[in-house]
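Engineer: Got a sequence here, can you model it:
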Amino acid sequence: MSPVDTAALVIFILCWVGYEPLRRALAKGRGGSINIDMYPVREEWIRRFLARDNRIMDVNLLGHLLNSASFFASTNLLVIAAAAGVLFGGEAMRSNLQDLEFASPASDWLIELKVGVVIITLSRGLLDFVWAIRQLNYAMALLGAAPEATEKDKHEAFVAAASDVLHPSFSAFNTGVRAYYFALAAAAWLISPWAMVLGVLATVAILLRRQMHSQAARGIRAARDLCVRD
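Structural biologist: Residues are numbered from 1 along each chain as shown. Next up is the predicted model:
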């Protein structure tokens with residue numbers, strides 16, 4: 001593997017692993033990010049849920065989120081199967097991949113490594129989606145066991161307990177979605193190592209902008225300010 005390919009792979013790994021710590025570090029001095037600002041919003045949602053007599057809407061919302069996670073997980077599995085078909089499709093499959101005009105010339109083992117990085121990235125995302133689905137199922141059970149609206153002395157304790165399940169479930173879902181972005185950057189390695197470097201840096205820039213400077217981020221930040229309680 002050439003030094004440029006090695007450097008591109010190292011940059012990809014550093015950006016993939018280091019994105020979350022970087023986002024958290026930048027968010028501390030910039031008014032937060034969507035993922036962080038959603039914490040008090042979800043907690044306020046649980047409080048409003050407990051105050052309602054009719055809770056069908058809240059259960060439907062959580063069920064919709066569960067369906068979304070299941071959809072992403074099944075789609076992720078199909079993409080992994082397609083990439084694995086290239087990896088284990090034999091000499092003919094790898095030869096067809098090398099014959100593509102946009103693909104840079106590479107040995108068979110390097111082609112396998114490039115496709116393998118895509119599969120590993122997607123597989124990590126699949127595991128996150130599966131964990132998100134399990135935690136959302138736990139959250140559904142929690143909603144069913146929630147105290148009545150009249151049991152106000154139990155509400156704050158339940159908010160804390162439900163938050164401990166909801167927050168990591170959404171975090172796992174977000175990490176799974178993020179894997180698609182990084183898998184696209186990894187796939188750019190088939191074109192050239194420079195394309196991979198450009199792809200991963202663009203991925204980090206796009207994700208950070210959407211987390212902290214997009215219109216959605218500003219709207220959620222405003223909602224967070226309304227939901228935060230002294």
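
Engineer: Any buried residues in the helix or strand harbouring residue 69, and which?
Structural biologist: Using DSSP states H and E, residue 69 sits within helix 56-87. Neighbour-count burial for helix 56-87 flags 58, 62, 65-66, 68-69, 72-73, 76, 79-80, 83-84, 86-87 (criterion: 16 or more other Cβ atoms under 10 Å). C-beta: built from backbone N, CA, C; applies to glycine.

Engineer: same deal with stretch 207-218?
Structural biologist: 207, 208, 211, 212, 217.

Engineer: Need the pLDDT of the closest residue to residue 217 other than its chain neighbours.
Structural biologist: Leaving aside its chain neighbours, residue 217 sits nearest to residue 34 (5.2 Å; criterion: Cβ to Cβ, 6 or more residues apart in numbering). Residue 34 carries a pLDDT score of 88 in this model.

Engineer: picking up where we left off before, identify, from the buried residues of helix 56-87, the entry nearest to residue 172.
Structural biologist: residue 69 (8.5 Å; Cβ to Cβ).

Engineer: the inter-axis angle of the longest helix seen in the chain versus helix 56-87?
Structural biologist: What stands out as the longest helix in the chain, according to DSSP state H, is helix 108-144. In terms of direction (axes from the mean of the first three to the mean of the last three Cα atoms, to 10 degrees), helix 108-144 departs from helix 56-87 by 170 degrees.
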